[in-house]
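**Student:** what shape does this take:
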Amino acid sequence: MKWMTAIMIGAILAVVLPMSLGGRDGVWMTGWTETWTIHPIASSPGLLFSIPVFLISAIGLRLFFNWHGG
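**Tutor:** Numbering: from 1, shown residues only. Modelled structure (predicted):
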């Protein structure tokens, strides 16, 4: 898996996962998972981006598929 593909999948997961768990008023923002979760567009009603999900998924996907394919 190329880095760009891993970064794109990581970015998608970093937005979809917090949004699927309730957005700003949901489960994601009431627990420890709110750490390092940012609101990229201040005027947006609920858009979230989780930096740990982005980093862990992008690096994890890259490492897993390079190990698995090689």
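**Student:** can you give me the strands in the protein?
**Tutor:** For the chain, strands defined by DSSP state E occupy the ranges 37-38, 49-50.
**Student:** what stretches of this protein score poorly on pLDDT?
**Tutor:** 69-70 (pLDDT under 70).
**Student:** from Trp32, how far out is the spatially most central residue of it?
**Tutor:** The centroid of the chain falls nearest to Ala14 when counting by C-alpha atoms, centre = their mean (1.6 Å). Plainly put, Ala14 is 16 Å away from Trp32 if you go by C-beta to C-beta, to the nearest Å. In this view, the C-beta of every residue, glycine as well, is placed from N, C-alpha and C.
**Student:** what of Trp67?
**Tutor:** The value you get for Trp67 to Trp32, if C-beta to C-beta is used, is 29 Å.
**Student:** quick one, which of the two is more surrounded?
**Tutor:** The residue with more neighbours, out of Trp67 and Trp32, is Trp67; 8 against 5, by other C-beta atoms under 10 Å.
**Student:** how close does the more buried one get to Leu61?
**Tutor:** Look at Trp67 and Leu61: by C-beta to C-beta, they are 11 Å apart.
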